[in-house]
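Participant: Below: sequence and its predicted model.
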Amino acid sequence: MYNEKVMDYFEHPRNQGAIEDADGIGEVGNPECGDTTKIYLQVEHDVITDVKFQTFGCAAAVASSSMATELIKGKTLKEAWDLSNSAVADALDGLPPKKLHCSLIAEGAIHAAINDYRTKRGLEAWKEKKESHAEH
Ligand code: FES
């Protein structure tokens, strides 16, 4: 069902864990299955210097959360915000269409963590500007 890259990121997740005293934390659940992803960010001068994730979910959710952390590490908050779940799925060489929605919790948790960081600093939360592209 999954390609080799997805299985590799599921079995050997990169950046799994928590960051103590994280600058931003976001957690999102998938309403369809109840699975969750939590993202921890360390931020310096608007750049993500460290990121970790904890996912309780299926292989697609774990792999896409792990891949998403790799893609946003070293990026600005704006660049991380603009990372779409379909770009994460592409970086994993694709997810089965019916599992694409599983990658949405990574995108959502990153957004929640960025807004947690922003609101803790008295900045306005960024708004979601588009419907996600997941197929259900
Ligand atoms: Fe729940 Fe994939 S089945 S996130």
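Facilitator: Thanks, I have the structure now.
Participant: Which positions in this protein make contact with the ligand?
Facilitator: Counting by CB under 6 Å from any ligand atom, the positions of the chain adjacent to the ligand are N30, C33, D35, G57, C58, A60, A61, C102. Every residue, glycine included, has its C-beta placed from N, CA and C.
Participant: now those residues: which count as buried?
Facilitator: The neighbour-count test (16 or more other CB atoms under 10 Å) marks N30, D35, G57, C58, A60, A61, C102 as buried among the residues of the chain next to the ligand.
Participant: rewinding a little: rebuild the residues of the chain next to the ligand as TSV, extending it with distance to W81, pLDDT and secondary structure.
Facilitator: Below are the residues of the chain next to the ligand laid out as TSV (distance: CB to CB, whole Å; pLDDT from 0 to 100; DSSP: H, G, I helix; E, B strand; the rest coil):
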residue	distance to W81	pLDDT	secondary structure
N30	20	91	coil
C33	25	93	coil
D35	22	96	coil
G57	22	94	coil
C58	25	96	coil
A60	22	97	helix
A61	20	97	helix
C102	20	94	helix
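Participant: of all the residues you listed, which comes closest to H45?
Facilitator: A61 (30.9 Å; CB to CB).
Participant: tell me which element the residue most central in space within the chain is part of?
Facilitator: For the chain, A106 is the residue whose C-alpha lies nearest the centre (CA atoms, centre = their mean; 2.7 Å). In this assignment (DSSP states H and E), A106 forms part of helix 104-120.
Participant: other SSEs contacting that helix?
Facilitator: Judged by 3 or more CB pairs under 8 Å, 6 or more residues apart in numbering; DSSP states H and E, helix 104-120 is in contact with strand 24-29, strand 36-44, strand 47-56, helix 59-72, helix 77-81, helix 85-91.
Participant: A109 and I39 touch, don't they?
Facilitator: Yes - counting by CB atoms under 8 Å, I39 is a contact partner of A109 at 4.2 Å.
Participant: anything in contact with each of these two?
Facilitator: Common neighbours of A109 and I39 (criterion: CB atoms under 8 Å, 6 or more residues apart in numbering): G26, E27, F53, S65.
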